[in-house]
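**Q** okay, structure incoming, though there's no sequence with it:
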């Protein structure tokens, strides 16, 4: 097997036996009228890929990602250089980051801000040099001790202020770097016990915070999309942004629903007790389909495992929802995934991204086949046919009422509902996936 | 142990060794200014208590609740007689039912309707005789084969019509019986697989259905409250009324939020991955606290076990939320609970209700003690003190913005957030529960 | 789509557009030296297929499987005729049943026994006529009211006796019908609450029961294998046969481990928090790999959904374990699966079996490809290479001890463990599944 | 509230309003014939209490436990001084530790060993000075990178050797410090994916390792008990010591069952899908009840939360099992619990231990009351009465067989199993807990 350095560029080579090639992702191949790369809008995410070192709650680092540097700022510059080199190798056009991913923490907010701004300049130069774009950035308002009880929902008003200041700096950076969006992930906005929590007040504060972000965005003329990222639990017992429906209720309650789309993460969906597909469908139905954090969880484990996505059933259903929702506009598909703790070499980083990118490329191809096959969509259309004439059409048109429906019901004898045919539809799905 | 017949009336007798007495529920005892029975508004529910026979997915009946009758209508009259006798014994003032609980099913909707109306008259007479009130009624639009794919969300418009007709009949009955409310529990409004489901269309139909119900309510002048009852799964894989937040998002989306409150069930809360307390708090925060289905689930099991509530931690936290929300108005506390399949005697019905009523009475007493003790509430009030002056007060008043907060943040050195003291608060809770 | 009657025989026709054909299951096709049908040994199971009517905890039947008969015995004969006709259509050579599946329940044990023996004769004739074989039979010692607290673990000794009598009759039938095995599924051997349960005593009784079954098997000369079927919960809160490891501990404790193999069910595995593959591996490691109940659960639901298996990742990993364990001897692969409640036509029965049989046939083909590809197996072999020489070989040979290892450890500098390469292995797996 | 320093000693003062007093734990109070402290044998555990800093997967430290020291060895000496001071304040007589908890890690095993031996001497002196005893010690064979794929089950033989060497050193220390036991917790003995794992080989190696530990124990004359600590998952996807039954199967398979008892942890029990009580009962039934890690999980979260135990239902059922099993011999009750991340003051450490110790003291008192009350035990004894005469007695005596039971069954008419009375028993339980 080649070493990381020996891999110049991962290319589409479906018949190659070289593990460092794509078997399904052909960036320029056109499907349904546009290149795969535009359908998928893959992004590298800094969080695990550049920052992660294999640590877990029971053990320390298994990888060193300091690249030989020792000075804090030098370390982060080396990380950035590595990040852009990695994107080149993997043909990734987009990336995304938390503020704390790209720059060292200072002793005060002022000092941290200085580092951050330095690094934003550094990234701007790299973007230009490597022709990369920022899909979105966000603020890490959860790792530092002062955020232990939340940021916008902290019981401490100074913490709220620092959180706001960090988001302000993040929005300034987003504008400077031409980001296509900005993400709000809840972090520790939630509670560990209701015994010490005024949940109503905290949610009001969260809305105040987001409204100020919207105002500031307008003020500086940042035109990227705002995303909320649902997650049900971890690190807190209850995260306020539990799932897509919970986020939409929050946004509607505070009249913010036109200002935010959702960034759906596969592993967060499953932790909330939903399939990934369900959350994407919910977002779309609520007019809030935005962007995707691509990974997979382990349904036998109760925490965020953030595994690189390799289950092609899941990637296919995901891409089917994306295509049905009209595809990405400003959003994209970033890998909020980490190589397993034991996959602790730089080669594993490449192999993990290849695993995920190929799984999604395959999912895209399968979704296209499903649509072109048409059997499943036809089945669904036929299933609701009774709403396209007679009493059904009146229901949809709003031209009937309980009295009229009551009269209609009295005329009915045996009503037979057609079989749902789940097993047959799953067989068609397998046929598409595995060929006849 | 006495037999069912030998128990004339279950009375408050805290020192008695008779199992058929209340140890904590003293209906007329005044706490926080009103009698316990008004705080708790206990209701018998027909569904399990009068209809259930101990069946589960792996076995048949373990109890016979036909009371010696054989003719269908006679069976349901005998059930009604038993129900009101049971309420008398247990000092229950309220009851609630599904349409299918109180009357036999006919071969056509018309025939079923006839039975239903006969039985509504019969219940009206019993209500008067026994001085009982109807807390709410509802429609069983899920058990019959024709509802296999939903009712208001069925792909078959005739099924929608029959569902509407049944709710119309139910609302007529609610008015006739002076019901304090009417409940909409989702039944099979949901999906088993997205492969065969147009979720967006189904939700639109659900909203159309509820709007028609609101219109009909107005038309006939029914003044009881409407409740949606959240449940995440079972019988379907995904129930559209997943949890309180999901229901509120749905209601807000379709501008129905002023027409419905929520009926929170403990076991449905836990199946959704939430504590009972969380769902009650969420309802209250959204202005939708309404009524309660009191039971408990088994957190080691993944289905609705509907056990009689006996965990006093849970009943205490529930009653604390109820008191904080201002107490019940039209709603109440009904036992959507079933005696275990092995608790298959009529004595067990009494013992189960006593278990549940005493657990909630104790919960009420404990909640009052918590409020009167004041330490936990003081802790919470103190915790958010920084929002009552300075920058915090400006945040709450909406008189600051990101620029101002940024300037404030630059002035801050070490920000120390106070300890959350969870363990200490739990110790106080135990002190209240178990005495020092 | 054809009707059930119009489908004479489901044949392998990979290019056909007829849904009533196999796309992957070619019974006589030879892979790894034997026909697919011998690798898979598919069996129809009576329980859901012939007995199930679509009922669930929230609703009644959606299918009628009485075939126009009204007399109890006539109904069961019609069911048997249907069953063998179905096996013919689907090219199934094996079947399996509970005693209560094949014959009506009488008012007394004596009467039930009479029906049972009549039906055993009837099945014997059908077996001969249709050239079918019995994979295994078992006793339904859980549905009737008297089994509400268990059978061999009932607190009532008469119930133990009836359970024993039913198993005796079942073993007699197994011998008469030439069954390849006999299954012990726990039913209600478990508890709902430890408050009323002497778990130690109940387990002793279970062991006594199984020992008597072994003695009786010897006495009558029944030579089929005995299987225990693990399940963790449902219908009871805790089933004593929780998972494969728990069953093996029980068998070892009571010195029964040489008398029983395990019948592993996919959905029971997942309810226990294990993958299907894990349970198969555990059985094999403990020398207890026996037979398989093929279905799939829904990992988002907490009860036994018994879905027809369609996930090809799972069927592939299953067949990989089967092949590694040397393949089935007396065991086989029966479908303890039910068509969804909404899949309520006879055509759905065919479509569901086709879904499951093709998914497993595909799984077998994929497993063969994985083995022939060899990359994953090579990786694993290489990974443990350090145990084939030096200190590693001494560890395996048992020729070292803590003192020697301590001395060895003192000589070591940096010990580098190789990457686990999970993502790369998953990519190879996808390559095998989906081609390059 | 007092500061940590101001609390000299936490004493039993049930009427005090000082939070730094015990309300239920009265060490010398005699119940059931021995002092509470001998029933409970409380131990401080180093792992979280002395080592933990509030870190989680999403954030860094919230507490500093270096006590002003900077030199590695000085830090660990300061930690030890603090630990013994804490034990004095809390009246704790026992403690327990991992090797890595008490001493800094060196660059090589040799260097680490030097630190470890120095610190063992230091602890020996502190034990003598403070009159404390070591309940058990153990090895941290999971945190360091080299253990990323396991220790005794590592694919790398050198890692096996280092693990063995560390346990050897630990056993030497156990003997030197007079430990009452030595614990084997699985750490990373398990797998993340079966794709790269030879599970059978790894389990064989684990058995070889434990056999060598037994041999070494004999050789040096260490007379403390050996414990295995079950845990189902985390850090690995599957931990080999899944639960009590799995551990016992492993021990029996390798003929080690007489050499090991179990150390049951509450939170590990619940992660495995069992109640804490179930795991204790399983241990007792298998003759393996040994020691307890006292904490509580959050049943809504899927990871090891290790909360200080405050649920008195759980502590009562735990102590009931302990009393029924005859009480602790060499084992005890250590707090493998951590104050919440937000409970980040030294006062919280005291408050957390007080919470846990009082909850268990209350549990002990409640369990005694349950036993003295006798109603539940009587109910259970009566429930199995049919096994004390007639056919039941023959079953127990082993003097009957299937033929005889069959004859007996044929004589039976209606067999009525008595009600399981779960709700009534729960009411009795609440009566004991909360008084009438």
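**A** The structure has been received and is ready for your questions. Bear in mind the structure is a predicted one, so any value in this text is a computation, not a measurement.
**Q** what parts of the stretch 201-350 of chain A come near chain C?
**A** Contact residues (C-beta under 8 Å from any C-beta of the partner chain) of the stretch 201-350 of chain A with chain C: A:270, A:273-275, A:299-300, A:308, A:310-313, A:339-340, A:342-345, A:347-348. Quick note: C-beta positions are derived from backbone N, CA and C, even for glycine.
**Q** so which of those residues reach chain B?
**A** Here is what survives when those are matched to chain B using C-beta under 8 Å from any C-beta: A:273-275.
**Q** taking the residues of the stretch 201-350 of chain A next to chain C one by one, which sit in helices?
**A** Among these, the subset assigned to helices under DSSP state H consists of A:270, A:312-313, A:347-348.
**Q** now for those: which two are most distant?
**A** Of all pairs drawn from those, the greatest distance, 28.4 Å, lies between A:270 and A:347 (C-beta to C-beta).
**Q** tell me the most packed of the ones next to chain B among the residues of the stretch 201-350 of chain A next to chain C, by neighbour count.
**A** The most neighbours of any of these, using other C-beta atoms under 10 Å in any protein chain shown, belong to residue A:274, which has 25 neighbours.
**Q** can you tell me the closest non-neighbouring residue to it?
**A** For residue A:274, ignoring the flanking residues on the chain, the nearest one in space by C-beta to C-beta, 6 or more residues apart in numbering or on different chains is residue A:243 at 6.1 Å.
**Q** quick one: that neighbour from residue C:92, how far?
**A** Applying C-beta to C-beta, to the nearest Å, the value for residue A:243 to residue C:92 is 43 Å.
**Q** just residue A:161 next, same as before
**A** In this view, residue A:161 and residue C:92 are 71 Å apart by C-beta to C-beta.
**Q** okay, these two: which has more neighbours?
**A** Remark: of residue A:161 and residue C:92, residue A:161 carries more neighbours, 28 against 25, as counted by other C-beta under 10 Å.
**Q** that one contacts residue B:391, correct?
**A** Yes: the pair residue A:161 and residue B:391 passes the contact test of C-beta atoms under 8 Å, sitting 5.8 Å apart.
**Q** pLDDT wise, what is the residue nearest to residue A:215 when sequence neighbours are not counted at?
**A** Closest residue in space to residue A:215, ignoring its immediate chain neighbours: residue B:401 at 6.2 Å, by C-beta to C-beta, 6+ apart. In the prediction, the pLDDT value recorded for residue B:401 is 98.
**Q** does chain C have contacts with stretch A:85-98?
**A** No: in terms of C-beta under 8 Å from any C-beta, no part of stretch A:85-98 sits within range of chain C; the closest distance is 13.5 Å.
**Q** just the buried residues of that stretch, please?
**A** Along stretch A:85-98, the positions that meet the burial threshold by neighbour count (16 or more other C-beta atoms under 10 Å in any protein chain shown) are A:86-87, A:89-98.
**Q** so which of those sit within helices?
**A** The subset of the buried residues of stretch A:85-98 that ends up in helices is A:86-87, A:89-90, with DSSP H as the criterion.
**Q** hang on, the earlier thing: for the buried residues of stretch A:85-98, which one is nearest chain B?
**A** residue A:98 (17.6 Å; C-beta to the nearest C-beta).
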